[in-house]
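Chemist: I would like the atomic coordinates for the input below:
(2 chains)
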There are 2 protein chains.
Amino acid sequence: MVLILQRYFVPEENWRESIVLIHDDDAHHIHRVMRCHEGDRIICNHPGGSAAICRIISIGPAEVRTSIDEWLSESAELPVDVTIAQGIPKSDKFELVLQKGTELGANAFIPVQSERSVALWNDKKMEKKLSRFQKIVKEASEQSHRNRIPDILQVLSVEKMAAYLDKYDVKLFAYEEEAKSMPGKSLGSVINNLEKGSNVLVYIGPEGGISEKEAAVLTEHYFTPIRLGPRILRTETASLYVLASISYHLEELRCT
Amino acid sequence: MVLILQRYFVPEENWRESIVLIHDDDAHHIHRVMRCHEGDRIICNHPGGSAAICRIISIGPAEVRTSIDEWLSESAELPVDVTIAQGIPKSDKFELVLQKGTELGANAFIPVQSERSVALWNDKKMEKKLSRFQKIVKEASEQSHRNRIPDILQVLSVEKMAAYLDKYDVKLFAYEEEAKSMPGKSLGSVINNLEKGSNVLVYIGPEGGISEKEAAVLTEHYFTPIRLGPRILRTETASLYVLASISYHLEELRCT
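Modeler: Okay, the predicted model is just below:
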C-alpha cells in the first residue's frame, strides 16, 4: 500500500526559511480530523506552485509548526492552461463545476451572466458567494494533489468575456446543434493541435443554451464551435467532458 | 435555431401499430409542463432502441395519444458497451454517477459492496432505492437523446462482480497509486484497442479505495489497472473521466 500524505495550501507569509506554519481551519484539520502527532509528515503547497514534504515539529488547535524535509519535483498540473467560462446555471451546479473542474485540472473559472441564465449574479451576490467558492477549489486542489489553486474571476457578460479575453490562444464554445450541421473543427483536431503551455478558454452556455446573438458575438471573437459527443449533455457535464478529454489526450493518450 | 423535440421512453405495450400512447408522469409532463397541443410533435423511444417522431392527436392529463410521423435512423449510443461497477460511495454520489454516467453513454451500472464502502446496501435497501434510480437514468436518457435506458443491476461484492462477469471483453479498474508505479497499460492504449461493439467493465472503488485483497481478486480475474490522469479524482469523478475519455476517443477523435 502506498502512503498518500495529506496536502495543504499554505499562504506565502507562513513560509519562513525551513519552517512552515499552518493556522486556522487547516491547523484544526491536522490536529482534530487527521489526528496527527509530532513527527508525522504532510505536504505543504507554496502559492508559487512548488510543494514540499514537511515534518510536524509542534501541534496545537491554533497552529501547527512544521519543518521542510524535502522539496518535491512532481507536478499534477495539466500541460495547458484551461479556463472554464460557465454560463451561470441553476441551483448549486456552479459549485459542482468548480469542484469537479478543479479535480480535472482547470486553471480558472469565469461565471458568465448570459442571456438565458435564469439566476442573476451581480457583484454583490458574487462577493457573498466567493469565499464559499474559494473554499471549494482549495479543498478540491488539495484532494486531487494539485500544485496550484484555480482562480475564480468576477462575473462577466458574454460580450465582455469574449472581448476582454483576447489573450487566449484557443477559444472554444460548445454549440451542439450547430456543431452537428457545420463543417467545423472536431474537438479531437482542436486538442491534437494544442501546444504545451497554451491558454485555452472554453465557454459553456447555461441550461437554456446560447442565443443566436451570443453565438454571433463569440464567432466574431474567433471562438470555434465544438461538439462534445453525439449525446446532449447537461451544462455542468459539458465542462467536465472538455476537461476530461483534454486530460485524456495530453496526459494519458500521449504516454502510451 | 434548431428545434429540439422532447423525448419520452414509452413501454412496449403502448405501441399499437401507428399509434403510441403515453401515460402517467410523462402524460403530465407533456400536458402541464411542456404545455403541448394537438398537432405538436415529440420523439417516442421504443424499448428496442428505435425512435420515432410522433404527432399528438389527443391530449389529456392521464393520456396523450400520438401517431407515428417518421421513424428515425439516428443513434446517440456509444460504439462500445460500457458497464460502470461503482464501489458504493457516501451520501447521494451514486445518483450523480447514474445521471452523469447516463449522459456520457454508460450501458449499465452495478453498485458494488466493497470492503471500504461506508454505506451498507442489502437487497432490501436496494429495492427501495431502485425506483428512484430508474427514474434518474430514464430522465437522463431522455435529456441526452439516447436510444436506450441503461440497466441498473443488483448489488454485488467485489468477488462476485469479478467472477460472475466473465462475459466482458475488457475489464479495467482504477488503481491510481499502483498504476503510477507499474509498467501497466495506459488508458490510451486500452481505448485505442477497443473494437466496435465490445463489452467493457470498469470498476471504480469507493472513497476509501481498493484493498490489497480486492486488487488481488481483480487481477486474478484479468482486470487491468489503469491511471486516470495524474490528479487524484474523487470516486464519482473517476467514472465520468473514463466515460468521457471513451466517448472523446471513439466519437470525437476518430471523426476528425
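Chemist: Can you tell me the element residue A:243 falls in?
Modeler: Element membership for residue A:243 (DSSP states H and E) is helix A:235-247.
Chemist: quick one: buried residues of that helix?
Modeler: A:235-247 (16 or more other CB atoms under 10 Å in any protein chain shown). All C-beta atoms are positioned from the backbone trio N, CA, C, and that covers glycine.
Chemist: what's the answer for stretch A:41-48, then?
Modeler: A:42-46.
Chemist: now residue A:133: how far from residue B:243?
Modeler: As judged by CB to CB, to the nearest Å, residue A:133 and residue B:243 stand 27 Å apart.
Chemist: now do residue A:52
Modeler: 36 Å.
Chemist: ok, now residue A:101?
Modeler: Applying CB to CB, the value for residue A:101 to residue B:243 is 16 Å.
Chemist: which of the buried residues of helix A:235-247 are close to chain B?
Modeler: Applying CB under 8 Å from any CB of the partner chain to the buried residues of helix A:235-247, one finds that A:237, A:240-241, A:244-245, A:247 fall near chain B.
Chemist: So of the residues you listed, which two are at opposite extremes in space?
Modeler: Across these, the longest distance by CB to CB is 15.4 Å; it joins A:237 and A:247.
Chemist: and the next element down the chain from the helix or strand encompassing residue A:125?
Modeler: Secondary structure from DSSP H and E places residue A:125 in helix A:123-143. Later in the chain than helix A:123-143, the nearest helix or strand by DSSP H and E is strand A:151-152.
Chemist: quick one: low-confidence parts of chain A?
Modeler: A:1-3, A:176-185, A:254-256 (pLDDT under 70).
Chemist: cutoff 50 now
Modeler: A:1-2, A:179, A:183, A:255-256 (pLDDT under 50).
Chemist: thinking again about what came up before, name the surrounding residues that touch the helix holding residue A:125.
Modeler: By CB atoms under 8 Å, 6 or more residues apart in numbering or on different chains, the residues outside helix A:123-143 that reach it are A:6-9, A:45, A:94-95, A:98-100, A:102-103, A:109, A:111, A:121, A:148-150, A:152, A:154-155, B:232, B:234.
Chemist: can you give me the offset of it from its chain's centre?
Modeler: Computed by CA atoms, centre = their mean, to the nearest Å, the separation of helix A:123-143 from the middle of its chain amounts to 11 Å.
Chemist: Could you list the contact residues of the stretch 151-256 of chain A toward chain B?
Modeler: A:177-178, A:181, A:186-189, A:191-192, A:212, A:227-234, A:237, A:240-241, A:244-245, A:247-249, A:251-256.
Chemist: do that again at 7 Å, thanks
Modeler: Contact residues, the stretch 151-256 of chain A versus chain B (CB under 7 Å from any CB of the partner chain): A:177, A:186-189, A:212, A:227, A:229-234, A:237, A:240-241, A:244-245, A:247-248, A:251-253, A:255-256.
Chemist: What residues does the stretch 1-150 of chain A have near chain B?
Modeler: A:1-2, A:4, A:76, A:100, A:103, A:105, A:143-146.
Chemist: separation between residue A:203 and residue A:95?
Modeler: 19 Å.
Chemist: before we move on, what about residue A:248?
Modeler: 24 Å.
Chemist: Those two: which is more packed in?
Modeler: residue A:248 (27 against 16; other CB atoms under 10 Å in any protein chain shown).
Chemist: Quick one: buried ones out of the residues of the stretch 151-256 of chain A next to chain B?
Modeler: A:177, A:186-188, A:227, A:229-234, A:237, A:240-241, A:244-245, A:247-248, A:251-253.
Chemist: does residue A:36 really touch residue A:30, like I thought?
Modeler: Yes - using CB atoms under 7 Å, residue A:36 makes contact with residue A:30 at a distance of 5.0 Å.
Chemist: Looking at the two, which has the bigger crowd around it?
Modeler: The neighbour comparison of residue A:36 against residue A:30 (other CB under 10 Å) goes to residue A:30, with 23 against 18.
Chemist: Please look at that one and residue A:22 and confirm they touch.
Modeler: Yes - counting by CB under 7 Å, residue A:30 does reach residue A:22; the two are 6.5 Å apart.
Chemist: which residue packs closest to residue A:27, ignoring adjacent ones?
Modeler: residue A:64 (4.9 Å; CB to CB, 6 or more residues apart in numbering or on different chains).
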